[in-house]
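**Q** sequence and predicted model, in that order:
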Amino acid sequence: MNQNELKKLVGEKSVEFVEDNMILGLGTGTTVRYMVDALGKRVQEEGLHITGVTTSERTAQQAKSLGIPLKSVDEVDHIDLTIDGADEISSDFQGIKGGGAALLFEKIVAINSDKVMWIVDESKLSPKLGSFPLPVEVIPYGSKKIFERFAEKDLNPKFRRDPVTKELVRTDSNNYVIDLYLHEIDEPHSLAEYLINQVGVVEQGLFLDMVDTVIVGRENGPEVIPVNR
Ligand code: 5RP
């Protein structure tokens, strides 16, 4: 199976956990796209009643096109379950997210969810976080100063640019993303605290102690891993 087939496998598996009348957080990314397709199918074919809380314009557009009713995080009193992708998951189930520049809304939705599920193909697993560049969302004003501070601290920052237009990437909140090329993160909790305390940083992509279930797409089928936290 190639990577896209593994993504489809976990996307389809994850919607088996969706029950009637749930309020569901819908993540962002290519894996989530398969999940939203499968969810739309259940809504259309089984008449499943759900309310989606999306984490990006992209996911909102897809969900709307499939007839999934949506509300914003401020319009619901709880979220039963959020299903999202991840860029890297360590052996102790900490994660890096934000490869699709949706980390801010993804984190807001995740921390307001009763349960969080990540769906990934097996290439996303690594013993220790850091091989995927860590995204940091920053306000444009003063972002050069933050960049310089990160460089002085040897965090290897790089502004994210669109690969085609070479323009700086803007998030749904019109902010920039600085990716930190760290290779290995020894102390994710202290790094997360340092980053979030920098004035001008809106959010950072370490998703720590947040996930309840991981579904990993493997050659021999999806593996559902409950996480104790
Ligand atoms: C977007 C994210 C995505 O969940 C992450 O990038 C995984 O994406 P994909 O499923 O396309 O590999 O964090 O901000």
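**A** Noted; the coordinates are in hand.
**Q** name the surrounding residues that touch the longest helix anywhere in the chain.
**A** Longest helix in the chain, counting residues (DSSP state H): helix 30-46. Here helix 30-46 makes contact (CB atoms under 8 Å, 6 or more residues apart in numbering) with 4, 7-8, 10-12, 14-15, 18, 24, 26-27, 48, 50, 52, 59, 62-63, 66-68, 83-85, 119-121. C-beta coordinates here come from the backbone N, C-alpha and C atoms, glycine included.
**Q** write the ChimeraX selection for whichever of these are buried.
**A** Filtering the contacts of helix 30-46 down to the buried ones (16 or more other CB atoms under 10 Å) takes a single ChimeraX command:
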select :7,8,10,11,12,14,15,18,24,26,27,48,50,52,59,62,63,66,68,83,84,85,119,120,121
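**Q** dump the C-alpha coordinates for the longest strand seen in the chain into PDB.
**A** If you go by DSSP state E, the chain has its longest strand at strand 113-121. Extracted C-alpha coordinates of strand 113-121, given in PDB (Å, rounded to 0.1, in the frame of the first residue of the first chain):
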ATOM      1  CA  SER A 113     -12.700  18.300  23.000                       C
ATOM      2  CA  ASP A 114     -13.600  15.500  25.400                       C
ATOM      3  CA  LYS A 115     -11.600  13.100  23.400                       C
ATOM      4  CA  VAL A 116      -8.900  13.500  20.700                       C
ATOM      5  CA  MET A 117      -8.000  11.000  18.000                       C
ATOM      6  CA  TRP A 118      -5.000  11.200  15.600                       C
ATOM      7  CA  ILE A 119      -5.000   9.300  12.400                       C
ATOM      8  CA  VAL A 120      -1.700   8.800  10.700                       C
ATOM      9  CA  ASP A 121       0.200   6.500   8.300                       C
END
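**Q** what's that strand in contact with?
**A** With CB under 8 Å, 6+ apart, strand 113-121 has contacts from 3, 6-7, 10-11, 13-14, 17, 25, 31-32, 35, 78-86, 89, 95, 110, 210-217.
**Q** repeat the analysis, applying 6 Å as the threshold.
**A** 3, 6-7, 10, 14, 25, 31, 79-86, 110, 210-217 (CB atoms under 6 Å, 6 or more residues apart in numbering).
**Q** next one: stretch 209-229
**A** So stretch 209-229 is contacted by 1, 6, 9-10, 13-14, 93, 110, 115-122 (CB under 6 Å, 6+ apart).
**Q** please redo it, this time with the cut-off set to 7 Å
**A** 1, 6-7, 9-10, 13-14, 89, 93, 95, 110, 115-122, 125 (CB atoms under 7 Å, 6 or more residues apart in numbering).
**Q** who are the contact partners of the residue lying closest to residue 157 once chain neighbours are set aside?
**A** Closest residue in space to residue 157, ignoring its immediate chain neighbours: residue 150 at 4.0 Å, by CB to CB, 6 or more residues apart in numbering. With contact set as CB under 7 Å, 6+ apart, residue 150 has these partners: 157, 178, 180.
**Q** distance of the closest residue to residue 149 other than its chain neighbours from residue 173?
**A** Spatial nearest neighbour of residue 149, chain neighbours left out: residue 198 (6.9 Å); criterion: CB to CB, 6+ apart. Residue 198 sits 17 Å away from residue 173 when distances are taken as CB to CB, to the nearest Å.
**Q** quick one: buried residues of stretch 125-137?
**A** Per 16+ other CB under 10 Å, stretch 125-137 contains these buried residues: 125, 129, 130, 131, 132, 133, 134, 135, 136, 137.
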